[in-house]
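Engineer: how would this look folded up:
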Amino acid sequence: MTEKQPQEILEKRLRHVEALLECYRGAAFLHSVRADVNAEDAAHVRHLLFGWNKSPLSRVGRALRGGWLLVHGQTVEGRPLKEAVQRAREIVEKDGVKSLYRRVRRRLDARLQQRPKTKKKSGKSKEILSENVEKVLNPYRQVVPPARDLGLVPKILIVAELSIPQCAKYRVWQRKEELELLGWEVEVVNWHDPQSALSAMQTSWEVIFYRTPAVSVIQTLITEAKRFGIEPWWEVDDLIFDLELYGQNSNLLSLSKSEQEILLEGAGLYRECLQLCGRGIASTRVLGDIMLRAGVREVCVIENALDGETLRIADQLLAIEKAPRENGDIVVVYGSGTRTHDQDFVECAAGLAAAMDIEPRLVLKIIGELTLPDDFRRFGARVEYLEGRDYAGYMAVLAGADIAIAPLEPSIFNDAKSNIKFLEAAILQVPAVCSPCDTFRDVVEDNRNGFLAKDKTDWREMLLALAHDEALRERIGHQARLDVLEHYRPEAIARQQVAVQFPSPERRKTDRLRVMAVNIFFKPRSFGGATLVAEEMATHLSALETDVAVFTSYEPIPALFSSSLRYEIEGLPVVGSPLSTHIDPIAGLDNPRCTAQFISWVKAFRPDVVHFHSIQGLGLGMLQACLEKGVPFVVTLHDAWWLCERQFMVKPNGRYCFQRHIDLNVCRSCLPGAMHLKVRQDMMLSMLKEASLLLTPSESHRALYLANGFDPEQVKVNRNGFSWPKVPHKPHQPKTPIRFGFVGGQEAVKGFPLVREVFEGLESTDWELVLIDNTLNLGFASMDVSGWKVKGKITIQPAYGDATRDDFFNSIDVLLFPSQWMESYGLTVREALARDVWVISTAPGGQAEDIVDGVNGNLIPLDGRPEPLKTAVEGILARPDMLDSYVNSMKDALPNFRRQAEELKQYFQSVVQ
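Structural biologist: Numbering: from 1, shown residues only. Okay, here's the model as predicted:
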């Protein structure tokens, strides 16, 4: 085997891998499209069910169903009636009859609130809920800085009608080519795909709407463009936006009545779209003047011209030597295209027929649809109809002609048209005879590069002159080609016309580090500790002379067509991808739509490094995209999602899974029926091992990942900061009850059942327990402690925020943190330690790393038993004076957000270098 053969084998295998990758990517996209369709169908069904459930007939049906279920020994929820009775007995025995009554009452109230008459209810809860909804939506509606001010890649979006190939060629694809010659990135989107159009708009400097009507989706796009500070352009190359002038086009008479009505009705929508945009791009001077009369403030003229495709086709055709015709025919070609040119052809019909009578060698070839006058029947086979064809095929026929004709009826409608027919003939060195409409007069010079025929005599004489003189045909055709190459080649049009309104953009150069942070949630949709860290790091990095952008999710807004959405939070540019909170966990592993929107944001922002936080639901495709594009990425491992299907490694029974090295056989017993665990693990590990760096918030959490085979050099600790106190903590007052605080909600994994059991078992009365109910800020309570049998005092407070955090910690002396899983960090613990609040916490885990037992807190085993917690609580109650002057002597070693951000930036710089 030669040295060349192994290389060929490797190259072949590489091609196979690339082909498979494209196939897999395409399959993933198709599955994503199917998933979107299924989600839309499900939403539609939910809407129908919602309407049905609100109907009186539905209520009768539910009542009958409930009665039937009770008779057959089941509850309305489908549970066995015996289980419900047994549960009721347990509640009565433990909490009393009143507690059972309150629970039933809450259930009934919850059901009543779902009825349609709830809108008649008023109160503080509805006001709070409405305020919170508005608070969340408000940033999405705010005007944001233009893309050019953010230093994004200079990009122009063209939202276009692409169904008419000839129009798309001359006004869309040519514009794209010309703009790219000037240094712009250009994205073209069909206006029938508003989702893609709106997503592309998020990062565009300018937007051009080509031939779009002012239907609702286009109005939404225009409104969104203005939110970005973009003054959009509306472009067209036909007089289709002026109803009065459009109606004067006599070619419409060749259409049916219904077709005429459709076209004329559309004129009003086109005009409205032009006026909504406020700026117009016309293909001719006359068209531009009519745009101005329509009330727009600015119009520019960019002519139809030559492009790379046209020049390439022309060069190929000219390289083919024309074979002499045996019969000596002189071919005249007319490209009709559509059946709306019958009246135009009348302009040349009499003169052409007369010329054909005089010169029997003249033959006429018609490309496309045309109804010829009856006079032409006498020419028989000398008139040939050719079916419409693609552009290359059309040009091939034209290149075989001796003469081209471009007749147009004299009207303002045709004065507004461009001189395409002349350009196409000229670039092929075919002499053309044209009607003297405005744009033809600008370029055609009689007997130099073409002919202008205004009546029957002109048409007859000019056609005969060309037919009788081959040298004249060659001279005229040659000069026409030279002229159009000088004035209409792409570079000339780009420099002389396009650059007037779209000059070559200046790309901002910066030495600042550019970081893109990615997290499932971000303000205003904040949720969870990882989100808080992601938000704080973005803000603090920005303050450290770093350019920061954010990619996140937002709750889908129907009016935005599942597009991405750019907004601004505290000066940070954020792009959100629509993602329901109820996304399927398996589908959330790979989200092609989200990946595409992420790639668009990466291309626009050009980060030096991407920092992934918690991305469950956004999908691993983002990491794959970074690999493909050579962008280094860092992952902060906030939890166990990368290792375990259950994000916090909590089993269905609420107990923590104490696996250190993840064994999928154990996982399968926890998730029966889950067939994807091995694939999931392979996907996760393969992507994590490609990360430039993995960060954990604690040594304990780092140890979990090292136990699963990760390189110690790849996994570093970046301790989370937190909000330090703004005011000193108020110490415990002597001879007053000890105040305990618990913020973990009602979940068993946070230790709520343990807290209840311990405090119900205390004999002491000299204490107060402060519980945090996260739903109180939404206007309703989720905690009910009326059934607790305790001897001390229980107080329930709403969740605290930045403004009320110090107030909460000033209301307690001891923080209870009996978490039943090995927390990756423990934010609340650090907040308490920094405020001289004693902490009782489980260990091991990240939550315990800053606690020294007996110095600034008590550590209890993570074993699910209440006795250790009770012992620690009773120990404090036995010595209340120990907290009277307590100050945490170790709090100076605690991290803050600023130090965390400084360390994080150093990590990023090491990765980039």
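Engineer: pull the contacting residues for residue 775.
Structural biologist: 781-782 (Cβ atoms under 8 Å, 6 or more residues apart in numbering). C-betas here are computed from N, CA, C, even on glycine.
Engineer: now residue 450
Structural biologist: Contacts for residue 450 (Cβ under 8 Å, 6+ apart) come out as 422, 426, 431-434, 444, 476, 480.
Engineer: just the ones in strands from those, please.
Structural biologist: Taking DSSP state E, the ones among the contacts of residue 450 that sit in strands are 432-434.
Engineer: can you redo the residues you listed as CSV with neighbour count?
Structural biologist: Below are the ones in strands among the contacts of residue 450 laid out as CSV (neighbours: other Cβ atoms under 10 Å):
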residue, neighbour count
432, 29
433, 28
434, 25
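Engineer: a markdown table please, covering those and showing pLDDT and distance to residue 299.
Structural biologist: As requested, the ones in strands among the contacts of residue 450 are exported to a markdown table (pLDDT from 0 to 100; distance: Cβ to Cβ, whole Å):
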| residue | pLDDT | distance to residue 299 |
| --- | --- | --- |
| 432 | 98 | 29 |
| 433 | 98 | 31 |
| 434 | 98 | 25 |
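Engineer: any chance of those residues in CSV, plus distance to residue 356?
Structural biologist: Below are the ones in strands among the contacts of residue 450 laid out as CSV (distance: Cβ to Cβ, whole Å):
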residue, distance to residue 356
432, 18
433, 14
434, 19
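Engineer: quick check: phi and psi at residue 725.
Structural biologist: Here is the backbone geometry of residue 725 (degrees, to the nearest 10): phi -70, psi 150.
Engineer: and for residue 882?
Structural biologist: phi -60, psi -20.
Engineer: again, but for residue 165
Structural biologist: phi -50, psi -40.
Engineer: identify the residues contacting it.
Structural biologist: Residue 165 touches 390-391, counting by Cβ under 8 Å, 6+ apart.
Engineer: do you know the pLDDT at it?
Structural biologist: pLDDT for residue 165: 90.
Engineer: pLDDT (mean, whole number) over stretch 215-224?
Structural biologist: In this model, stretch 215-224 has a mean pLDDT of 95.
Engineer: so what touches it?
Structural biologist: The contact list for stretch 215-224, computed with Cβ under 8 Å, 6+ apart, reads 159, 191, 194, 197-198, 201, 207, 209, 212, 232, 269, 273, 276-277, 559-561.
Engineer: return the distance of that stretch from the chain's centre.
Structural biologist: Here stretch 215-224 shows a centroid-to-chain-centroid distance of 17 Å under the convention Cα atoms, centre = their mean, to the nearest Å.
Engineer: show me what counts as buried in that stretch.
Structural biologist: Neighbour-count burial for stretch 215-224 flags 217-218, 220-222, 224 (criterion: 16 or more other Cβ atoms under 10 Å).
Engineer: how about stretch 515-531?
Structural biologist: Buried, per 16+ other Cβ under 10 Å, within stretch 515-531: 515-525, 529-531.
Engineer: again, but for stretch 599-618
Structural biologist: Residues of stretch 599-618 classed as buried by neighbour count (16+ other Cβ under 10 Å): 599-605, 607-615, 617-618.
Engineer: report how many residues lie close to the closest residue to residue 776 other than its chain neighbours.
Structural biologist: With sequence-adjacent residues excluded and distances taken as Cβ to Cβ, 6 or more residues apart in numbering, residue 776 is closest to residue 798, at 3.6 Å. Residue 798 has 15 neighbours, counted by other Cβ atoms under 10 Å.
Engineer: what residue of the chain is the furthest out?
Structural biologist: Within the chain, the residue lying farthest from the chain centre (Cα atoms, centre = their mean) is residue 358, at 66.1 Å.
Engineer: got phi/psi on residue 189?
Structural biologist: Here residue 189 shows phi and psi, under degrees, to the nearest 10, equal to phi -130, psi 140.
Engineer: tell me which helix or strand the residue nearest to it when sequence neighbours are not counted sits in.
Structural biologist: Nearest residue to residue 189, sequence neighbours excluded (Cβ to Cβ, 6+ apart): residue 197, at 4.4 Å. Per DSSP states H and E, residue 197 falls inside helix 194-201.
Engineer: after that helix, next one along is what?
Structural biologist: Toward the C-terminal end, the helix or strand that comes next after helix 194-201 (DSSP H and E) is strand 206-210.
Engineer: any idea how far that following strand is from the chain center?
Structural biologist: On Cα atoms, centre = their mean, the centre of strand 206-210 falls 19 Å from that of its chain.
Engineer: other SSEs contacting it?
Structural biologist: If you count contacts as 3 or more Cβ pairs under 8 Å, 6 or more residues apart in numbering; DSSP states H and E, strand 206-210 packs onto strand 155-160, helix 216-227, strand 233-236.
Engineer: walk me through which strands the first one pairs with, and which way each runs.
Structural biologist: This points to strand 155-160. Next to strand 155-160 in the sheet, as set by DSSP bridges, lie strand 185-190 (parallel), strand 206-210 (parallel).
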